[in-house]
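Enquirer: Show me the folded form of this:
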Amino acid sequence: MNSRDRDKFTTPVGSTSRLLSSIPRSSAIKRDSLAAELERDPQLSTAKRQQRTQAFSTHMSQASLERQLAAAQAAKVELESKVREKDKDLVIERLEGDRRWLAEREQEEREEKEREQAEHLEYKVRSAATYASVSDSRTSATVAQNRQ
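Expert: All right, here's what the predicted structure looks like:
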């Protein structure tokens, strides 16, 4: 590559500096237009600042309310869970109480049935003994009559 070709492909110095200077110049233009706007109407700056402050305050209030809402919803879910757990415990306790009561009733009925069976057996034994004694006395009377 000769020196003429190198010159052909080099970038001009002025174009690089134009690109770099265009960035600060655009922000300088914005600052200048803002300064000009403020010079024309200083109350506009105050109004914009107040508007931004109000928007920020509104945003912060909304964010705070959203956090409070989320916390309240989480607390509600937790409390509902506790209530369901308590209800479940109460139902279990009531069912266990009913089971105990039924077991006691069944035990009382078994004891009553056993007592009645024992009384009936005792009655049968007494009846048989009475029948035997009556039968023996008749037999003795019949035998005594036959001997006479």
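
Enquirer: and the lengthiest helix in the chain, what does it pack onto?
Expert: In the chain, taking DSSP state H as the definition, the longest helix is helix 42-147. On a contact count with 3 or more Cβ pairs under 8 Å, 6 or more residues apart in numbering; DSSP states H and E, helix 42-147 meets helix 13-40. Quick note: C-beta positions are derived from backbone N, CA and C, even for glycine.

Enquirer: lowest average confidence, helix or strand, in this structure?
Expert: Sorted by mean pLDDT, DSSP states H and E, the helices and strands of the chain end with helix 3-9, the least confident at a mean of 54.

Enquirer: got a list of contacts for stretch 50-65?
Expert: Contact with stretch 50-65 is made by no outside residue, as judged by Cβ atoms under 8 Å, 6 or more residues apart in numbering.

Enquirer: Give me the mean pLDDT for it.
Expert: Per-residue pLDDT over stretch 50-65 has a mean of 95.

Enquirer: What's the local residue count around E114?
Expert: 10 (other Cβ atoms under 10 Å).

Enquirer: And V125, by the same measure?
Expert: 10.

Enquirer: and if you look at the one 4 residues further on?
Expert: For A129, the number of neighbouring residues by other Cβ under 10 Å comes to 10.

Enquirer: do D41 as well
Expert: D41: 10 neighbours (other Cβ under 10 Å).

Enquirer: Next: R126.
Expert: 10.

Enquirer: same thing with F56?
Expert: 10.

Enquirer: Please report how far it lies from A63.
Expert: Taking Cβ to Cβ, to the nearest Å as the measure, F56 falls 10 Å from A63.

Enquirer: and if you look at V125?
Expert: 93 Å.

Enquirer: can you check V83 too?
Expert: 30 Å.

Enquirer: S133 now?
Expert: Taking Cβ to Cβ, one finds S133 at 104 Å from A63.

Enquirer: now E114
Expert: Look at E114 and A63: by Cβ to Cβ, they are 76 Å apart.
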